[in-house]
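**Q** Here is my input, please return the structure:
(one chain, ligands or ions: 1)
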Amino acid sequence: MHNEPIALNQALATFDALWSPRIVTRVNDYDVRIAKVHGEHLWHAHDDTDEFFLVLEGELTIALREPEGERTVVLQQGAVFTVPRGTEHKPSAPAGAAILMFEPTGTPTVGDRHEAVPDHVDATTGHALGA
Ligand code: NI
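**A** All right, here's what the predicted structure looks like:
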């Protein structure tokens, strides 16, 4: 972590791994993470924290299992959405996307409860940028 401005487009150019977030900076005890995504993530829930999404490039779909039933939200580039704590969700990006997430340091990408982790998904609490 270094205290210099970070150009997100340049940061995104430093890695190709999908569903494998890089931590670009920290705010108090929260990470700002960026990820490249394509295809489907997995159903999971974070029991103790909300999860913030901002779409940097492309389009992100998030399926949600809410008390009222299942629904899907579609986030275009520039859109933000917060998944409430405890809500099962499954992000996907059929055509690929770049996203930014804001969540407490140490939050696992696959949540506290999840279905089987597919090979193309990195179960991580985020990687250092450039690592
Ligand atoms: Ni999540």
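
**Q** what's the burial count for Gly39?
**A** Residues lying near Gly39 (other CB atoms under 10 Å) number 14. Every C-beta, even on glycine, is put in place using the N, C-alpha and C of the backbone.

**Q** should've said Asp16
**A** Burial measure for Asp16: 8 neighbouring residues, criterion other CB under 10 Å.

**Q** Offset the numbering so it begins at 11, please.
**A** In the new count, where the first residue is 11, that last one comes out as Asp26.

**Q** Could you confirm it falls within a helix?
**A** No - counting by DSSP: H, G, I helix; E, B strand; the rest coil, Asp26 is not part of a helix but coil.

**Q** In space, what's closest to it - neighbours in sequence excluded?
**A** Distances taken as CB to CB, 6 or more residues apart in numbering put Lys46 closest to Asp26, at 7.0 Å, once the chain neighbours are dropped.

**Q** List the beta-bridge partners for the one you found.
**A** Lys46 has these beta-bridge partners by DSSP bridges: Leu28, Ala108.

**Q** Correct me if wrong: it contacts Ala23.
**A** No - judged on CB atoms under 8 Å, Lys46 makes no contact with Ala23 at a distance of 10.2 Å.

**Q** Tell me which of these two has more neighbours.
**A** Set Lys46 next to Ala23 and count neighbours by other CB under 10 Å: Lys46 wins out with 21 against 9.

**Q** Tell me the spacing between the more buried one and Asp39.
**A** To Asp39, Lys46 is 25 Å away according to CB to CB, to the nearest Å.

**Q** which outside residues touch the helix or strand harbouring Arg43?
**A** Assigned by DSSP states H and E, Arg43 belongs to strand 40-50. Contacts to strand 40-50, defined as CB atoms under 8 Å, 6 or more residues apart in numbering, come from residues 18, 21-22, 25-36, 66, 70, 100-115, 117, 128, 130, 136.

**Q** distance between it and the chain's centre?
**A** With CA atoms, centre = their mean, to the nearest Å as the basis, strand 40-50 stands 4 Å off its chain's centre.

**Q** helix or strand right after the lowest-mean-pLDDT helix or strand in the chain?
**A** When the helices and strands of the chain are compared on mean pLDDT, DSSP states H and E, strand 123-124 comes out lowest with a mean of 91. Next helix or strand after strand 123-124 toward the C-terminus (DSSP H and E): strand 137-138.
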